[in-house]
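> Take this sequence and fold it.
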Amino acid sequence: MLVYTHPECLLKDNGFNHPERKERLETIIESIKQIKDLKINFVDAPLADIKIVSLVHPIIHIEKIFSNIPKSGLIGVEKEPYADTILCSNSKNAILRSCGAGIAAADDLMKKNERIFCAVRPPGHHAETIKAMGFCFINNIAVTARYLQKKYNINKVAIIDFDVHHGNGTQEIFYGDETVAYASSHEFPLFPGTGSEDENGVGNIFNAPLKAGMQGKEFLKIFDQKILKPIDKFKPEVILISAGFDAHTRDPLASLNLESEDFYKVTKKIVDLANIHSKGRVISFLEGGYDLLALSESIKHHLLALKS
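Next up, the predicted model:
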């Protein structure tokens, strides 16, 4: 299995006590190295080509983000009360490496047919076409989907998102596009406030809002019905995963009660579906997850299921 990451992703600084911090990625990488009976090859994520990024985000929008990067200190790109999407002097390469991981992973997926995990930060699923928010600047998974379609003539891509927060950016980007299915399970109501069941695009958006306090058993049952069932009907040629681990019971930013083992179960269900429709082709992207112990445990289960 390939894991794309890069040291420059660790240099992104969001300031004191910010939940999206470098220790998240350090913990994940160390945990992956401890997995026994699974051969992992770490690969340096390249810088994304801005022309490929522009398959999703206008170049002028990306250039504006980069033009606001400070030489020192920190700058928030949003207005209060959500001024927590932060630029620091090392932001540019971290953002481009995070997106470049998915692009390079797409090439490996199509040429080597090897499943891949992108251990990168900043995350991406809240980034809309022309709006950075929710710790996200470029929608990494959306760019990868568009790249697969353009370079490899993939007709149907499914994006499955089990982050505890709804991927409003991914939904917005593909809302009117029947060639990309977006399916998200998420606590509701919760930031960013989107993701109700009646948001269905052109029949390609499948939202499964979950009540606070939900346990893993009930979550998996809903996931089968509201997420996997419509994706099964969609019959994607490739499946991309927005893998957030903040639905874990230990996570400080939400109130679902999944255990670490539940991330094996949900990932295995996605892999089984990919084996039926997608020639087993799956790329997974790190999104949220803010408790270090939960991340350490959950990522092992995710990768073991990803390899199965």
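
> Residue 172 falls within a helix, correct?
Yes: secondary structure of residue 172 (DSSP: H, G, I helix; E, B strand; the rest coil): part of a helix.

> in the stretch 151-300 of the chain, which spans are strands?
Ranges of strands in the stretch 151-300 of the chain, per DSSP state E, counting those that start in this stretch, are 157-161, 180-187, 205-210, 238-243, 282-286.

> got TSV for those, with mean pLDDT too?
Shown next, in TSV, are these (pLDDT from 0 to 100):
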stretch	mean pLDDT
strand 157-161	99
strand 180-187	98
strand 205-210	98
strand 238-243	98
strand 282-286	98
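
> closest to residue 118 out of these?
Residue 118 sits nearest to strand 282-286 of all the strands of the stretch 151-300 of the chain, at 4.7 Å, using C-beta to C-beta. To be clear about C-beta, it is placed using only N, CA and C from the backbone, and glycine gets the same treatment.

> Between strand 238-243 and that closest one, find me the angle.
Between the axes of strand 282-286 and strand 238-243, defined by axes from the mean of the first three to the mean of the last three C-alpha atoms, to 10 degrees, the angle is 20 degrees.

> what packs against strand 282-286?
Where contact means 3 or more C-beta pairs under 8 Å, 6 or more residues apart in numbering; DSSP states H and E, strand 282-286 is packed against helix 91-112, strand 116-118, helix 140-152, strand 238-243, helix 260-277, helix 292-307.

> Tell me the gap between the fifth one and the middle of its chain.
What it means is helix 260-277. Distance of helix 260-277 from the chain centroid (C-alpha atoms, centre = their mean, to the nearest Å) equals 16 Å.

> Next one: the closest residue to residue 290 other than its chain neighbours from residue 276, what distance?
Nearest non-adjacent residue to residue 290, counting by C-beta to C-beta, 6 or more residues apart in numbering: residue 19, 4.2 Å away. According to C-beta to C-beta, to the nearest Å, residue 19 and residue 276 sit 36 Å apart.

> who has more neighbours, these two?
With neighbours defined as other C-beta atoms under 10 Å, residue 19 and residue 276 compare such that residue 19 has more, 16 against 11.

> Just to be sure, the more buried one is in a helix?
No: Residue 19 is assigned coil when assessed by three-state DSSP, not a helix.

> What about residue 227, how many residues nearby?
Using other C-beta under 10 Å, residue 227 has 24 other residues around it.

> show me what contacts it?
When contacts are counted by C-beta atoms under 8 Å, 6 or more residues apart in numbering, residue 227 touches 160, 162, 183, 184, 185, 206, 208.

> Quickly list what the closest residue to it other than its chain neighbours is bridged to.
The shortest distance from residue 227 to any non-neighbouring residue, by C-beta to C-beta, 6+ apart, is to residue 183 (4.5 Å). Beta-bridge pairing for residue 183 (DSSP bridges): residue 160, residue 206.

> Would you check how far apart residue 183 and residue 191 are?
Distance, residue 183 to residue 191, by C-beta to C-beta: 19 Å.

> now residue 113
For residue 113 relative to residue 191 (C-beta to C-beta), the value is 37 Å.

> who's more crowded, the two?
Neighbour comparison, residue 113 and residue 191: the larger count goes to residue 191, with 17 against 10 (by other C-beta under 10 Å).

> Surely the more buried one is in contact with residue 133?
No: judged on C-beta atoms under 8 Å, residue 191 makes no contact with residue 133 at a distance of 9.5 Å.

> returning to what we had before: among the helices and strands packed on strand 282-286, which comes closest to residue 33?
helix 292-307 (10.5 Å).

> what sits up against the closest one?
Residues contacting helix 292-307 (C-beta under 8 Å, 6+ apart): 1, 3, 23-24, 27-28, 30-32, 34-35, 38, 40, 115, 117, 243, 245, 248-251, 260-261, 263-265, 267-268, 271, 282, 284, 289.

> Show me the shaky parts of this structure.
80-82 (pLDDT under 70).

> Now do the same contact list for the residue sitting nearest the centre point of the chain.
Central residue of the chain (C-alpha atoms, centre = their mean): residue 242, 3.0 Å from the mean position. Residues near residue 242 by C-beta under 8 Å, 6+ apart: 124-125, 141, 159-163, 167, 170, 184, 285, 287.

> If we use 6 Å, what do you get?
The contact partners of residue 242, by C-beta atoms under 6 Å, 6 or more residues apart in numbering, come to 125, 141, 161, 163, 167, 285, 287.

> Kindly reformat those as JSON lines containing neighbour count.
Formatted as JSON lines, the contacts of residue 242 follow (neighbours: other C-beta atoms under 10 Å):
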{"residue": "125", "neighbour count": "29"}
{"residue": "141", "neighbour count": "33"}
{"residue": "161", "neighbour count": "28"}
{"residue": "163", "neighbour count": "26"}
{"residue": "167", "neighbour count": "34"}
{"residue": "285", "neighbour count": "30"}
{"residue": "287", "neighbour count": "30"}
